[in-house]
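Enquirer: Sequence plus the predicted model coming up.
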Amino acid sequence: MSEAETVRLAVRKTYKLYIGGAFPRSESGRSYVVTSSGGDFLANASRASRKDARDAVSAARKAFPGWWGATPYNRGQILYRVAEMLEGRRAQFVAELADAGVRKARDAGRVVDAAVDRLVWYAGWSDKIAAVAGSTNPVAGPYFNVSSPEPTGVVAVVAPDDPLLGLVSVIAPVIVTGNTCVVVASERAPLPSITLAEVLATSDLPGGVVNVLTGSVAEIAPWLAAHMDVNAVDLTGVADGDLAVACEEAAAENLKRVLRPSASAGTDWFADPGTRRLTAFLETKTVWHPNGV
Amino acid sequence: MTTSLADVASSNVALRNFLHGLPGVDRVGADQRAAMLGTRSIKTTAKAWAVDLAIRMVDLTTLEGADTPGKVRAMCAKAVRPDPSDPSVPKVAAVCVYPDLVAQAVGALGGSGVKVASVATAFPSGRSSLDVKVAETAFAVSAGADEIDMVIDRGAFLSGDYLKVFEEIAAVKAACGEAHLKVILETGELATYDNVRRASWLAMLAGGDFVKTSTGKVQPAATLPVTLVMLEAVRDFLSATGRKVGVKPAGGIRTTKDAIKMLVLVNETVGEGWLDPDWFRLGASSVLNDLLMQRQKLATGRYAGPDYFTLD
């Protein structure tokens, strides 16, 4: 009897996609095996198809007017809330990062702390970026001339292989300015990205602002790069040079903004990110207003 | 059943006995069959064919209080050339407007082959006197409408006054003259599939050329099972009387997938004879953009975006 009390069935998490605020399985019904850095089985992750990518773009497009329409202050608050939720799940992320190959618990803890701090840092930018990226322009005429930054729209992000800090560092700057995004998570270590999606889903972030796909980058990225309803692509996580070039060419069809950091640099995600990723997905709107009429 | 078709409308009692003598609809069965047919996979060349057929079947509709002559003209331009960048896209079947805007639509479409349909008879509620309904129909026809979409008096139908509904349809049909008459059952207000089947028969007996599900103002509108029940009624009516009647689901059809499911339903229920804009229509406006986007996806191999198509 006492033996029966000690034996308990393991309750394992099903890793699904995150689209439009819900956690659906892949439309294709496919999954793939995710292993630890040592080669041990960790879980089956959903393998998203191009149709999942299309659905994610629709969800992101639907969420865009509401998210852009929210005040920058409100967006900052929500990002800060994401940081709070991430902090609360610290132990879970430390364990998942250890599985994904971050060797020591101390190192994994440092990564989670940096990710939380990164979110807080970007949250602070929400109501300040307009002051940095916008301006009042001196013009030769009786006009009051103002330039202000506006979000580009739906951004397709291929996340780097750094499963938490890199992921947060590419998502936060995109959404804090009012864009919505479709993220293709690290193919090798996708599990923390779905756990991060659980954090996002419980942080007052409207459904569809961030959509997370797991699966083959080579399979999904070209469809996103060619999609006419995507306004920008971030190719940070595309390791294959030929694929990156193909994506850039496809993106040219509807003049998407493309962010493709040079692969040779080998990004140090702990470093101060600067405002580059914030301004990469902003459009400048300039208004001429008659003065003294 | 066949013996008395000629004089079923001789009295309300006879009509009632006939309509209530129709076999009941198996609700679960209809839902299940519609759901099963909805899972058919239509891909590549078959899909391209279905998309073009669906575009040819669209009744491009604007029925808002805020409709302006300008909006109607813009819609007519879209009806003739749905995708300005691609002349291979076929024309839609018709545009559907309120009676006072028929003249505008006729002027904008003149000679293009796209028909002008007009709602009439106190659309969408149908709550007015017979004289007003007939006069409105005559007004729309004289303005040049090729097709009239009338609504039935659901209040009379639900209270069992079938003869009143029958006579109204017959009177409006007479006022239509050459114009085709589509009879809107407003299935969302009829409560049961049995009522949908009875109303379909009633509309066909009274002379309707088309039976149409809904006004688009009431939810639920054109669901698959309701369309299935109406298609079955049309099929049975053809075998009973030899007269072929068209079907038009309207409202709630927003995606290409919805439209293709409808086409599968038609093919499996009444056959290829109805896979033609003369016999099957899709009353919608937003579905056209989705059809065009799917068409572009098939042609270019990349997903299309709504930014590249007109809004209405």
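Expert: Happy to help now that I have it.
Enquirer: so where do the helices sit in chain A?
Expert: A:2-6, A:50-69, A:72-88, A:90-100, A:105-125, A:129-133, A:165-176, A:191-201, A:217-226, A:241-251, A:276-279 (DSSP state H).
Enquirer: Show me the shaky parts of the chain.
Expert: Since no chain was named, I'll use chain A. A:1-4, A:103, A:263-265, A:293 (pLDDT under 70).
Enquirer: my question was about chain B
Expert: B:1-4.
Enquirer: Strands of that one, residue ranges please.
Expert: Here chain B has its strands, by DSSP state E, at B:58-61, B:94-97, B:115-120, B:147-151, B:180-184, B:210-212, B:246-248, B:282-284.
Enquirer: Among those strands, which comes closest to A:Leu205?
Expert: strand B:282-284 (33.5 Å; C-beta to C-beta). (Each C-beta comes from the backbone N, C-alpha and C, glycine too.)
Enquirer: what does that closest one contact?
Expert: B:54, B:57-61, B:96, B:212-214, B:216, B:222, B:248-251, B:253-254, B:259, B:262 (C-beta atoms under 8 Å, 6 or more residues apart in numbering or on different chains).
Enquirer: Now, of these, which are buried?
Expert: B:54, B:57-61, B:96, B:212-214, B:216, B:222, B:248-251, B:253, B:259, B:262 (16 or more other C-beta atoms under 10 Å in any protein chain shown).
Enquirer: filter the residues you listed by proximity to chain A?
Expert: For chain A, no contacts are drawn from the buried ones among the contacts of strand B:282-284 by C-beta under 8 Å from any C-beta of the partner chain.
Enquirer: just so I know, which of the helices of chain A lies nearest chain B?
Expert: helix A:217-226 (3.7 Å; C-beta to the nearest C-beta).
Enquirer: Kindly format the C-alpha coordinates of the closest one as CSV.
Expert: The C-alpha coordinates for helix A:217-226 follow below in CSV (Å, rounded to 0.1, in the frame of the first residue of the first chain):
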residue,chain,number,x,y,z
VAL,A,217,13.7,27.3,-39.9
ALA,A,218,14.5,26.3,-43.5
GLU,A,219,10.9,25.2,-44.0
ILE,A,220,9.1,28.2,-42.4
ALA,A,221,11.3,31.2,-42.9
PRO,A,222,11.0,31.5,-46.7
TRP,A,223,7.2,31.5,-46.5
LEU,A,224,7.3,34.3,-43.9
ALA,A,225,9.9,36.3,-45.9
ALA,A,226,7.7,36.0,-49.0
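Enquirer: Just give the number of residues close to the nearest residue to B:Leu224 once chain neighbours are set aside.
Expert: Using C-beta to C-beta, 6 or more residues apart in numbering or on different chains and skipping the chain neighbours, the partner closest in space to B:Leu224 is B:Ala34 (3.8 Å). Using other C-beta atoms under 10 Å in any protein chain shown, B:Ala34 has 20 other residues around it.
Enquirer: near chain B, which residues of the stretch 51-200 of chain A?
Expert: A:54, A:57, A:61.
Enquirer: For the last one, give me its contacts.
Expert: With C-beta under 8 Å, 6+ apart as the criterion, the residues that contact A:Arg61 are A:153-154, A:180, A:229, B:306.
Enquirer: where's B:Lys78 relative to B:Gly70, distance?
Expert: From B:Lys78 across to B:Gly70, the span is 13 Å (C-beta to C-beta, to the nearest Å).
Enquirer: If you count surrounding residues, which of those two has more?
Expert: Neighbours per residue (other C-beta under 10 Å) separate B:Lys78 from B:Gly70, with B:Lys78 holding more: 22 against 9.
Enquirer: Touching, the more buried one and B:Leu60? I think so.
Expert: Yes: applying C-beta atoms under 8 Å, one finds B:Lys78 in contact with B:Leu60, separated by 6.7 Å.
Enquirer: what's the overlap in contacts for these two?
Expert: The contact lists of B:Lys78 and B:Leu60 share B:Leu288, where a contact means C-beta under 8 Å, 6+ apart.
Enquirer: What count of nearby residues applies to A:Thr195?
Expert: 19.
Enquirer: ok, it - contacts?
Expert: So A:Thr195 contacts A:89, A:92-93, A:96 (C-beta under 8 Å, 6+ apart).
Enquirer: How many neighbouring residues does residue 23 have?
Expert: Using chain A here. Residues near A:Phe23, counting by other C-beta under 10 Å: 17.
Enquirer: not what I meant, chain B
Expert: The burial count for B:Pro23: 10, using other C-beta under 10 Å.
Enquirer: before we move on, what about B:Thr39?
Expert: Around B:Thr39 there are 8 residues (other C-beta under 10 Å).
Enquirer: residues touching it, list them.
Expert: Counted by C-beta under 8 Å, 6+ apart, B:Thr39 has zero contacts.
Enquirer: same thing with B:Pro99?
Expert: Contacts of B:Pro99 (C-beta under 8 Å, 6+ apart): B:118-120, B:136, B:139-140, B:143, B:145.
Enquirer: follow-up on the earlier one: select, out of the strands of chain B, the one closest to A:Glu5.
Expert: strand B:282-284 (61.0 Å).
Enquirer: Can you give me the separation between the residue in the stretch 151-293 of chain A that chain B sits nearest to and A:Thr284?
Expert: Residue nearest to chain B within the stretch 151-293 of chain A: A:Asp229 (3.2 Å; C-beta to the nearest C-beta). Distance of A:Asp229 to A:Thr284, given as C-beta to C-beta: 22 Å.
Enquirer: Settle it for me: which of these two has more neighbours?
Expert: Counted by other C-beta under 10 Å, A:Asp229 and A:Thr284 do not tie: A:Asp229 has more neighbours, with 19 against 12.
Enquirer: Torsion angles phi and psi at the more buried one?
Expert: Dihedral angles phi and psi of A:Asp229 (degrees, to the nearest 10) take the values phi -100, psi 10.
Enquirer: Double-check it against A:Val57; I have them as touching.
Expert: Yes: in terms of C-beta under 8 Å, A:Asp229 counts as a neighbour of A:Val57; the distance is 5.6 Å.
Enquirer: quick one on the thing from earlier: mind putting the helices of chain A in CSV, distance to B:Leu202 included?
Expert: Formatted as CSV, the helices of chain A follow (distance: least, C-beta to C-beta, whole Å):
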stretch, distance to B:Leu202
helix A:2-6, 67
helix A:50-69, 41
helix A:72-88, 55
helix A:90-100, 63
helix A:105-125, 63
helix A:129-133, 63
helix A:165-176, 56
helix A:191-201, 51
helix A:217-226, 50
helix A:241-251, 56
helix A:276-279, 65
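Enquirer: okay, the ones you listed, which one's buried deepest?
Expert: helix A:165-176 (a mean of 26; mean count of other C-beta atoms under 10 Å in any protein chain shown).
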